[in-house]
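In: Give the three-dimensional model of this entry:
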Amino acid sequence: SRYGPKMPLAVDCTAELIRCKVLDSSGRLKSHELILSYGLALVRFVNLITERKQKMVSIPLRQLAREVDIPVWVVDLRHELTHGKLPRLALCRKGCDVVLDWLRKMYWSRQLGNNLCEEDEDEEEEQEEVEANADLDDDAWE
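Out: Numbering: from 1, shown residues only. Next comes the predicted model:
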């Protein structure tokens, strides 16, 4: 709220996507209304994040998305929402989850001094150890 009209894009996008998830879990909106709500949030995310990388010469959104590690299928989803037939609600929900994860990794964890990234790496290492131990257990049984 201190930023007023100059709210950081990632904060604004996160707020809109979380709002969609809250509305979805409330059960008060119809499927079509949820698709429109998720759709607007996803379109705004792709447009706002890639807009900063756009130069004087128009660069395709898919290329810009690749440069910032946004999955290409999210750009395709944005294209369908903008120019084509509205996608299924399940795809919009998945897009929201993927984009929120991207925002967490690319923005929020950096704001918190990479503490979340370190926790993720620790969890991945623990998971690898569990899987390695499971392989050892299988070998021991044989």
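In: For residue 30, give me phi and psi.
Out: phi -80, psi 160 (degrees, to the nearest 10).
In: Look up how far residue 68 lies from the closest residue to residue 99 other than its chain neighbours.
Out: Nearest non-adjacent residue to residue 99, counting by C-beta to C-beta, 6 or more residues apart in numbering: residue 45, 5.4 Å away. For every residue, glycine as well, the C-beta is placed using N, CA and C. Distance, residue 45 to residue 68, using C-beta to C-beta, to the nearest Å: 11 Å.
In: Just the pLDDT at the most centrally placed residue in the chain, thanks.
Out: For the chain, the residue nearest the mean C-alpha position is residue 99 (0.8 Å; C-alpha atoms, centre = their mean). For residue 99, the pLDDT comes out at 97.
In: Identify the residues contacting it.
Out: With contact taken as C-beta atoms under 8 Å, 6 or more residues apart in numbering, residue 99 is in contact with 13, 17, 42, 45, 70, 74.
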